[in-house]
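Chemist: the sequence isn't on hand, but the structure is:
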């Protein structure tokens, strides 16, 4: 409330000063043309009125001072003709630093300094065109600077550049028109006064009610929602406000410290450092601190919005971290379950191959040897052979116990040799994680079995290739096509196995005929590349 009352008092004083100077000029001016005098007074009043409008805008207090200076210089020039161009320095300064009021670039300082020098020298030297050249330089500089930034500040600088260009063109055209006697001096002064009044008030009104804070916050929220951008909250806010020195600290921690987006400690400014710390509060609690240049006032609305954005960013970061951890836990749990199931299948197959089947084979051989004792043993031999075949099929379905002992490529070549359809195989060199090898082997085995049963093909190829950290396995035939992983089929079971391993299985018909079965399997480089049989052998 105290700050608002102070602003109201300042506005009253500025307006009263402008009105007093306007009255003095009206009474003291020797100009007999009351129309021209009225427009001259209106220009001076417009500077003070624009200052009144600008006062209270937290992001630009210096702009009001520049407008007041331009108003004083304008009224002084009406009384002292040699000072009639002094206002140009203040006007050029105002346009060069609009809308922030900051003079932080060497080119800005050079142009502004030249503006004050030319403003003082314009009338005494009587050089025509200095005013137009000065404002043209301001326009070019401002428009060039606006092209290097984005957001609401770009709009403000483009507006200031456009106004400077309009005033420069007005000076140039009206000067040329008067020199060429196209229009008289009185008309030119009235037109120029109108341009100055409209331009000055338009910029001040835009600064006060143009929604700078709202636009900056809107852009900030949009940027925060753009996942394609890798910039931080601090980077986006600095870009939105064109304040490269800005730092956002999150916290405070229990020891009262703050950290930035990268987790580094944020040093709070001390007295005399030229920087200030603005607390960021949301929901009656402090969520961070904004460290900025003390020359850069920040709108309270902007501070509240940054606090809310900071709290949102912190919450999102925590949520993303929790989600990533949960996903990682689920992935690890799934991998452990798949590995355990694979190990159990291998154990059962080893027991079948090395225990029950071997002993049953010996029983069968003994029965064959004893058939000379009588024909009654022949049915027993047939039953033993049948059970052996069933156990062999069951063993094959449980997984490749020894087929992958030398790696995926040799196992694929053996599958091709055993295929009832003429087949060729091409596999990767070296070893892959055991689950990847087992899944790839199943893809090739089930693909060849499906071709033999349904495709009526004359040729089939199986291949595997590692690309970009993934294993691509394909089975391609020249058969009749039309295969699909219908529910309950072998291909459906294969699809489920591939997806359980984190991969993807697709089938597509080939234009030249036949079917292409493609499995894409992720490869975890951190996985143990030893084969299950190797581990089992050592465990045994």
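Modeler: Noted; the coordinates are in hand. As the structure is a prediction and not an experimental result, all values here were calculated from the model.

Chemist: surely residue 17 and residue 48 touch.
Modeler: Yes. Look at residue 17 against residue 48 with C-beta atoms under 8 Å: they come within range, at 6.7 Å. In short, each C-beta sits where N, CA and C put it, glycine included.

Chemist: between the two, which one's more packed in?
Modeler: Taking neighbours as other C-beta atoms under 10 Å, residue 17 and residue 48 compare with residue 48 leading, 26 against 16.

Chemist: surely the more buried one touches residue 16?
Modeler: No. Between residue 48 and residue 16 there is no contact under C-beta under 8 Å: 9.3 Å.

Chemist: domain parsing for the protein?
Modeler: Following automatic domain parsing, one gets these domains for the chain: 2-210, 402-539.

Chemist: dump these to a markdown table, plus mean pLDDT and distance to residue 244.
Modeler: Below are those laid out as a markdown table (pLDDT from 0 to 100; distance: least, C-beta to C-beta, whole Å):
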| stretch | mean pLDDT | distance to residue 244 |
| --- | --- | --- |
| domain 2-210 | 85 | 9 |
| domain 402-539 | 80 | 38 |
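
Chemist: in JSON lines, list those domains along with distance to residue 276.
Modeler: Below are the domains of the chain laid out as JSON lines (distance: least, C-beta to C-beta, whole Å):
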{"stretch": "domain 2-210", "distance to residue 276": "13"}
{"stretch": "domain 402-539", "distance to residue 276": "48"}
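
Chemist: tell me which of the ones you listed sits nearest to residue 360.
Modeler: domain 402-539 (18.7 Å; C-beta to C-beta).

Chemist: returning to what we had before: what is in contact with residue 17 and residue 48 at once?
Modeler: residue 68 (C-beta atoms under 8 Å, 6 or more residues apart in numbering).

Chemist: ok, and what's touching stretch 67-84?
Modeler: 14, 17-18, 21-22, 24-25, 28-29, 40, 43-45, 47-48, 50-51, 54, 85-87, 89-91, 94, 119-120, 122-124, 200, 204.

Chemist: buried ones only from those, please, as a ChimeraX command.
Modeler: Applying 16 or more other C-beta atoms under 10 Å to the contacts of stretch 67-84 leaves a buried subset, and the ChimeraX line that selects it is:
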select :14,17,18,21,22,25,29,40,43,44,45,47,48,50,51,54,85,86,87,89,90,91,94,119,120,122,123,200,204
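
Chemist: give me the subset of the contacts of stretch 67-84 that lies in helices.
Modeler: Using DSSP state H, the subset of the contacts of stretch 67-84 located in helices is 14, 17-18, 21-22, 24-25, 28, 40, 43-45, 47-48, 50-51, 54, 87, 89-91, 94, 119-120, 122-124, 200, 204.

Chemist: buried residues, the helix or strand where residue 518 lies. List them.
Modeler: Using DSSP states H and E, residue 518 sits within strand 515-522. Neighbour-count burial for strand 515-522 flags 515, 516, 517, 518, 519, 520, 521 (criterion: 16+ other C-beta under 10 Å).

Chemist: quick one: low-confidence residue ranges for the stretch 201-350 of the chain.
Modeler: Within the stretch 201-350 of the chain, the ranges that satisfy pLDDT under 70 run 210-233, 236-237, 239-243, 282-283, 294-322, 324, 334-335, 337-347, 349-350.

Chemist: which two among the buried residues of strand 515-522 are spaced furthest apart?
Modeler: 515 and 521 (19.3 Å).

Chemist: if I look at the residue nearest to residue 458 when sequence neighbours are not counted, how far off is residue 490?
Modeler: Excluding the flanking residues, the one nearest residue 458 by C-beta to C-beta, 6 or more residues apart in numbering is residue 478, at 6.1 Å. In this view, residue 478 and residue 490 are 20 Å apart by C-beta to C-beta, to the nearest Å.

Chemist: how about whatever helix or strand residue 114 lives in, which residues are buried there?
Modeler: Taking DSSP H and E as the criterion, the element that holds residue 114 is helix 106-125. Across helix 106-125, burial judged by 16+ other C-beta under 10 Å covers 108, 111, 112, 114, 115, 116, 118, 119, 120, 122, 123.

Chemist: repeat for stretch 258-269
Modeler: Buried, per 16+ other C-beta under 10 Å, within stretch 258-269: 258, 259, 260, 261, 266, 268, 269.

Chemist: got the contact list for residue 36?
Modeler: Contacts of residue 36 by C-beta under 8 Å, 6+ apart are 186, 189, 190.

Chemist: tell me the buried residues within those residues.
Modeler: 189, 190.

Chemist: distance to residue 331 added to the contacts of residue 36, as JSON lines?
Modeler: Below are those laid out as JSON lines (distance: C-beta to C-beta, whole Å):
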{"residue": "186", "distance to residue 331": "83"}
{"residue": "189", "distance to residue 331": "78"}
{"residue": "190", "distance to residue 331": "77"}
